[in-house]
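S.K.: Please find the sequence and the predicted model below.
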Amino acid sequence: MKEKALHQAHGHVDYLLIGQGLCGTFLSYYLQKENRSLIVIDNNAITTPSKVSAGIINPITGRRLVKVWLAEQVLSFAHKSYNEMGNFLSADVISQKNIIDFFPNPHQRQVFLERMAEDDEYLHSYPEQNEFNRFFNYDLGCGEIRGSYAAYPETLLKAWRQHLINNDQLVEENFLFEELIVKEDSVRYKNITAEKIIFCDGLSSFENPFFKQLPFAPNKGEVLIVEIPGLPGQHVYKKGFMLSPLGEKHVFWLGSNYQWSFVNADPSKEFYEQAERHLKSWLKLPFKILDHKAALRPATLERRPFVGLHPGQKNVGILNGMGTKGCSLAPFFAEHLTKHLLFNENILPDADIGRFSKILTR
Ligand SMILES: Cc1cc2nc3c(=O)[nH]c(=O)nc-3n(C[C@H](O)[C@H](O)[C@H](O)COP(=O)(O)OP(=O)(O)OC[C@H]3O[C@@H](n4cnc5c(N)ncnc54)[C@H](O)[C@@H]3O)c2cc1C
């Protein structure tokens, strides 16, 4: 079956993409929209950050409740692009959901009120303070974060994969560097030739001979998938952890943690127990834990993505390093990279891998 897929996917294409996570999905979408031919190689790993992610697109970040990087451009663009792809695929892949922020301690309540007074674009007081009393324990009240979204990455990834398969554009196998030949003006991989190869392979780029010098900093995150009959699904709830409705009725995503040092990428007993304890004290409704997952985020030391063509090898590119914000950054930078590849538009300097020219050409 796999051999067949590779046999079909022969010949010459404009772009060979490695990886069909959120980066590879959005990049292949935008390249196809510009009528470029392409093939995507993806090994269909079961646990990837794109598949484990909650899909939360939040304009506010961190304990200090600051606006996310590029909030104005990135958020509205993400909404537009998920909607566009959802319409194209006839799939429900995003919905607007405000975040109900239950203050976990007096300090966080104070921070919320101060930030709201400074700038009330996204942060708002919630008029019905008792509305959630039936569902949650919260003694210190709650605020509301508007302008946020819940995307459904798993649904999107599956539907786009099917589209690629229907068009003979997907090869399901492990990409092997030994089989790649990079020439002056093209690349060859087995029986595929392409003008350019673009790596959207998440963590695998850490070992990629072209890009391994980049300052990647993997970050582990774990989640529980929980069934909570009776809890309304029109908001994302937050109190330390996020509790976000998934596409399926009564099923919620609970997470996550952010670990910079870890022994392995497996789900841990510690997280399971901590998250279960947390939910028991927060939630008034009975719940059932359906699953426990973990994945490593392709984060970077300076918390900025890696986008562009290799400074010493112009037919080898990368779209990676989306870290904790891949659901909103991936569509934005996929379109950005497409415009760079096709129309030579400049890449935002903070994201351009040109900033690492020295180490990449050493
Ligand atoms: C627990 C958790 C929660 C998260 N929640 C959010 C959130 O709510 N909001 C948000 O914005 N972000 C969130 N993120 C971050 C987000 O998921 C990532 O930034 C994003 O998914 C990265 O996408 P990617 O395409 O770069 O990488 P990946 O998802 O890793 O995709 C890479 C793809 O390449 C394939 N691949 C790799 N190597 C090879 C190879 N050799 N051959 C073939 N195929 C290969 C993999 O199988 C995979 O399909 C979360 C991450 C985690 C772990």
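M.R.: Perfect, thanks for sending it.

S.K.: confidence score at residue 120?
M.R.: We have a pLDDT of 84 for residue 120.

S.K.: quick one: it is in a strand?
M.R.: No. Residue 120 is assigned coil when assessed by DSSP: H, G, I helix; E, B strand; the rest coil, not a strand.

S.K.: ok, it - how many residues close by?
M.R.: Neighbourhood size, residue 120 [other C-beta atoms under 10 Å]: 11. The C-beta positions use only the backbone N, C-alpha and C, and glycine is treated the same way.

S.K.: Phi and psi next, for it.
M.R.: Backbone torsions of residue 120, given as degrees, to the nearest 10, read phi -100, psi 30.

S.K.: likewise residue 320?
M.R.: With angles defined as degrees, to the nearest 10, residue 320 sits at phi -160, psi -180.

S.K.: And it, how far from the ligand?
M.R.: When distance is defined by C-beta to the nearest ligand atom, to the nearest Å, residue 320 is 5 Å away from the ligand.

S.K.: Give me the pLDDT for that residue.
M.R.: On pLDDT, residue 320 comes in at 98.

S.K.: go on, the one 5 residues further on?
M.R.: On the pLDDT scale, residue 325 is placed at 97.

S.K.: Contacts only, for it.
M.R.: 61, 68-69 (C-beta atoms under 8 Å, 6 or more residues apart in numbering).

S.K.: export these to a markdown table and tack on distance to the ligand, pLDDT and secondary structure?
M.R.: Shown next, in a markdown table, are the contacts of residue 325 (distance: C-beta to the nearest ligand atom, whole Å; pLDDT from 0 to 100; DSSP: H, G, I helix; E, B strand; the rest coil):
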| residue | distance to the ligand | pLDDT | secondary structure |
| --- | --- | --- | --- |
| 61 | 10 | 95 | strand |
| 68 | 9 | 97 | coil |
| 69 | 12 | 97 | coil |
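
S.K.: For the ligand, give me its nearest residue in the stretch 1-150 of the chain.
M.R.: Nearest to the ligand in the stretch 1-150 of the chain, going by C-beta to the nearest ligand atom, is residue 21, at a distance of 2.1 Å.

S.K.: That residue contacts residue 50, correct?
M.R.: Yes. Using C-beta atoms under 8 Å, residue 21 makes contact with residue 50 at a distance of 3.7 Å.

S.K.: Common neighbours of those two, please.
M.R.: By C-beta under 8 Å, 6+ apart, the residues touching both residue 21 and residue 50 are 157, 202, 326.

S.K.: Go back to the residues you listed and keep what's next to the ligand.
M.R.: Here is what survives when these are matched to the ligand using C-beta under 6 Å from any ligand atom: 202, 326.

S.K.: just the shared contacts of residue 21 and residue 50 now: which is nearest residue 317?
M.R.: residue 202 (14.9 Å; C-beta to C-beta).

S.K.: Excluding chain neighbours, what is closest to the closest one?
M.R.: residue 298 (4.6 Å; C-beta to C-beta, 6 or more residues apart in numbering).

S.K.: what's the answer for residue 119, then?
M.R.: Using C-beta to C-beta, 6+ apart and skipping residues adjacent in sequence, the residue nearest residue 119 is residue 67, 7.8 Å away.

S.K.: same question, residue 245
M.R.: Excluding its sequence neighbours, the residue lying closest to residue 245 (C-beta to C-beta, 6+ apart) is residue 233, at 3.6 Å.

S.K.: Narrow the contacts of residue 325 to those that are buried.
M.R.: The neighbour-count criterion (16 or more other C-beta atoms under 10 Å) marks 68-69 among the contacts of residue 325 as buried.

S.K.: related to what we said a few turns ago, please name the residues that touch the residue nearest to residue 245.
M.R.: 245, 249-250, 252.

S.K.: For it, grab phi and psi.
M.R.: Main-chain torsions, residue 233, degrees, to the nearest 10: phi -100, psi 20.

S.K.: Give me the pLDDT for it.
M.R.: Looking at residue 233, its pLDDT stands at 95.

S.K.: how many neighbours does the residue of the stretch 101-250 of the chain found nearest the ligand have?
M.R.: Closest approach between the stretch 101-250 of the chain and the ligand, counting by C-beta to the nearest ligand atom: residue 202, at 2.4 Å. Here the number of neighbours of residue 202 (other C-beta under 10 Å) works out to 27.

S.K.: On the strand side of things, show who the closest residue to residue 258 other than its chain neighbours bridges to.
M.R.: Distances taken as C-beta to C-beta, 6+ apart place residue 219 nearest to residue 258, at 5.7 Å, with adjacent residues excluded. Judged by DSSP bridges, the bridge partners of residue 219 are residue 297.

S.K.: center of the chain, which residue is that?
M.R.: What sits nearest the mean C-alpha location of the chain, by C-alpha atoms, centre = their mean, is residue 326, with 2.9 Å.

S.K.: Roughly how far does that one sit from residue 153?
M.R.: Distance of residue 326 to residue 153, computed by C-beta to C-beta, to the nearest Å: 9 Å.

S.K.: likewise residue 87?
M.R.: As judged by C-beta to C-beta, residue 87 and residue 153 stand 17 Å apart.

S.K.: Enumerate every residue touching the residue lying farthest from the centre of the chain.
M.R.: Within the chain, the residue lying farthest from the chain centre (C-alpha atoms, centre = their mean) is residue 130, at 33.5 Å. Residues near residue 130 by C-beta under 8 Å, 6+ apart: none.
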